[in-house]
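>>> whatever this is, show me its structure:
(one chain, ligands or ions: 4)
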Amino acid sequence: MSSAATEHAADDAAAAAGIPLDAPFLSIGFSAHELCTRCGSCIGVCPENAIELDERKFPRLIPERCTRCGLCAVVCSGAEVRYADLSEQVFGNRVADSGFDGQVSKIYVGHAADERLRSGGAGGGLATALLWHLLRTGAVDGCMATRMNGERPWEAEPFLAATLEDLLASQGSRYAIIPMNQLWSQMRGQSGKYAAAILPCQTHGFRLLQKADPELASRVTAVVGLFCGGSLEPVLAREMLAVRGIRRDEVSDFKFRGGKWPGQMQAVLKDGRVRPLHYSNYKDGAYNYLTSLYMPERCQTCLDGSNEYGDVAVSDAWTRDEQGEYKFKAHSRLLVRTPRGAELVRAAQEAGDIVLHDVSADPNYLTHRLQTRRKGSLAPLRVERWRKAGRRVPAYDRGTPDDATFKERMMERMSSALLRAGKWRPFRIAVMGLLTSVWAVPLITVRLWLKKRKYLRRAKRKASAS
Ligand SMILES: Cc1cc2nc3c(=O)[nH]c(=O)nc-3n(C[C@H](O)[C@H](O)[C@H](O)COP(=O)(O)OP(=O)(O)OC[C@H]3O[C@@H](n4cnc5c(N)ncnc54)[C@H](O)[C@@H]3O)c2cc1C
Ligand code: SF4
Ligand code: SF4
Ligand code: SF4
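Ligands and ions are numbered 1, 2, ... in the order given. Next comes the predicted model:
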């Protein structure tokens, strides 16, 4: 039993009740936080409501309610992801590794047709436009989505969206752990069909639910998968407010990507003022640094970046032109995977709810190497290294990239060291203080200049070769 687990009264009570937290009928989150994605599947599936969330959003057992039915262990993908089994279930083949983008039938770049949905989206609002299409046409009664808590607006939470207003409030990316699949228990208590916008680990949990409780799972009729390069510890928003000198009782909303695309982290104050929390936009000025400090341990060993088992998968459209400028501002990229996903996209397009450009024939729209690095090469290397060092890591039926270079191995070690240092609060606060201050502006400017130069050089080389 981990010492972290015994910090909690409910877990101590479990021990007293004779339930060891690593009992095989329990999901992994009780005995090994480092393997728990905090997807919420165990909470959502438990027929006895015997699992609650602790303050860090890990599952916590309420022992007197547990009947030892084992369902929570069956839907848990924390300790093991069997990609061949998932492929068999979703695509009817046993391909364990089909590259970063997974199995795809079509690739589009597009946006919501409704300007409100487009402007409120993380990218082009495609994810929400697909949910809205299903809700508007009566195909579903609700959607698994996220929002900021009304009383504690620095905390993100899952909820079932049932109206356009709900969906507008749910839009945008919240770079924080949100145990989405806990919503299954709410769905069980009411009738109706649902659609889900969820991250890859949550999709894995849903696919396991289809085996464990097919009746409940059949009520979720579409999975709009979101790409995920890694989530951030929920404490980030509180610490960021503190670093920027903003009192929590002043705040009415916390935006991870507020304002003009691609957005910026912002605190909306009760008096209506909007306080940017860093310089530049979220991509150039915050997210990449924050993932280096706040990424949870299980995200560091997660290999699915493209939501390989969603019916569709939606990502940002970061493709740049030869001058290094974004080609598709305020657009999302959409990967169609299953026949169900293809039908949803066809129907939403025909109804005029989404606007799409088919880019399937253009290899430039496959996720490029820079974006795939974190999960495509660094995470598999980390899993291998940690396993050899005797640490608990998830089991995968996927190997380590044979072609990993010396540079990639060094990068993995450096990023792991930074993440380890990020566990130490004074370090991460000092680094965040620097990177969100005006002192970061020259750093960002140099970084952007180097990036631009790289694109221009590449364009020049191309021109001289042709
Ligand atoms: C933690 C995280 C990491 C991501 N990493 C990448 C990445 O590396 N590369 C990339 O291309 N895209 C990534 N994305 C996806 C990207 O940010 C957009 O969500 C996606 O492109 C859809 O944009 P949209 O405008 O179509 O969606 P919108 O219409 O804005 O809808 C966004 C949907 O995401 C849901 N959502 C927001 N936060 C969460 C959360 N924490 N957990 C579950 N659901 C959530 C909302 O409820 C909403 O339904 C990530 C998203 C998250 C939440
Ligand atoms: S089901 Fe999800 S939240 Fe529960 S223990 Fe497993 S990984 Fe953690
Ligand atoms: S009742 Fe079943 S699902 Fe709930 S905690 Fe106990 S073993 Fe897990
Ligand atoms: S990195 Fe993996 S484990 Fe972490 S939130 Fe994203 S999909 Fe889940």
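
>>> how much space separates the single nearest residue of the stretch 51-200 of the chain relative to ligand 1 from T128?
Nearest residue of the stretch 51-200 of the chain to ligand 1, counting by C-beta to the nearest ligand atom: G121, 2.9 Å away. C-beta coordinates here come from the backbone N, C-alpha and C atoms, glycine included. Applying C-beta to C-beta, to the nearest Å, the value for G121 to T128 is 6 Å.

>>> so where is the stretch 151-300 of the chain shaky, pLDDT-wise?
Under the criterion pLDDT under 70, no range of the stretch 151-300 of the chain is flagged.

>>> ugh, wrong one, I meant the stretch 1-150 of the chain
Applying pLDDT under 70 to the stretch 1-150 of the chain flags the ranges 1-7.

>>> returning to what we had before: look at the closest residue to the residue of the stretch 51-200 of the chain closest to ligand 1 other than its chain neighbours and say how many residues are nearby.
Sequence neighbours aside, Q171 is the residue nearest to G121 in space, at 5.4 Å (criterion: C-beta to C-beta, 6 or more residues apart in numbering). If you count neighbours by other C-beta atoms under 10 Å, Q171 ends up with 26.

>>> repeat that for T163.
Count around T163 with other C-beta under 10 Å applied: 11.

>>> distance of it from ligand 2?
Going from T163 to ligand 2 by C-beta to the nearest ligand atom, to the nearest Å gives 28 Å.

>>> list the contacts for that residue?
Each residue near T163 by C-beta atoms under 8 Å, 6 or more residues apart in numbering is listed here: L135.

>>> do the one 10 residues further on as well
By C-beta under 8 Å, 6+ apart, the contact list for S173 reads A122, L226, F256, R257.

>>> for L61, same thing?
By C-beta under 8 Å, 6+ apart, the contact list for L61 reads A10, D11, A14, I19, L21, L26, F30, A50, I51.

>>> helix, strand or coil for the nearest residue to it once chain neighbours are set aside?
Excluding the flanking residues, the one nearest L61 by C-beta to C-beta, 6+ apart is A14, at 4.8 Å. Here A14 is helix, with the state taken from DSSP: H, G, I helix; E, B strand; the rest coil.

>>> my read: A14 touches L21, true?
Yes. Using C-beta atoms under 8 Å, A14 makes contact with L21 at a distance of 5.9 Å.

>>> how about the contacts of S173 in TSV, adding neighbour count, secondary structure and distance to C201?
Converted to TSV, the contacts of S173 look like this (neighbours: other C-beta atoms under 10 Å; DSSP: H, G, I helix; E, B strand; the rest coil; distance: C-beta to C-beta, whole Å):
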residue	neighbour count	secondary structure	distance to C201
A122	25	coil	18
L226	22	strand	11
F256	24	strand	19
R257	25	strand	21
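
>>> which one of these sits closest to ligand 2?
For those, the nearest to ligand 2 is L226 (16.6 Å; C-beta to the nearest ligand atom).

>>> partners of the closest one in the sheet?
V314 (DSSP bridges).

>>> wait, it sits on A197?
Yes. L226 is within contact range of A197, at 6.2 Å (criterion: C-beta under 8 Å).

>>> follow-up on the earlier one: so how do I select the buried members of the contacts of L61 in ChimeraX?
Command for ChimeraX that selects the buried part of the contacts of L61, burial taken from 16 or more other C-beta atoms under 10 Å:
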select :10,11,14,19,21,26,30,50,51
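
>>> just give me the neighbour total for the residue of the stretch 251-400 of the chain found nearest ligand 2.
Proximity of the stretch 251-400 of the chain to ligand 2 (C-beta to the nearest ligand atom) peaks at R298, 7.4 Å away. Look at R298: counted by other C-beta under 10 Å, it has 25 neighbours.

>>> tell me the secondary structure for it?
Look at R298: counting by three-state DSSP, its state is helix.

>>> just confirm it contacts G29, I think it does.
No. If you go by C-beta under 8 Å, R298 and G29 don't touch, sitting 9.6 Å apart.

>>> which neighbours do those two share?
What both R298 and G29 touch, as defined by C-beta under 8 Å, 6+ apart, is the set L35, C36, R38, G78.

>>> could you work out the most separated pair of those residues?
L35 and R38 (10.7 Å; C-beta to C-beta).

>>> find residues that contact each of those two.
Shared contacts of L35 and R38, counting by C-beta under 8 Å, 6+ apart, come down to G29, R298.
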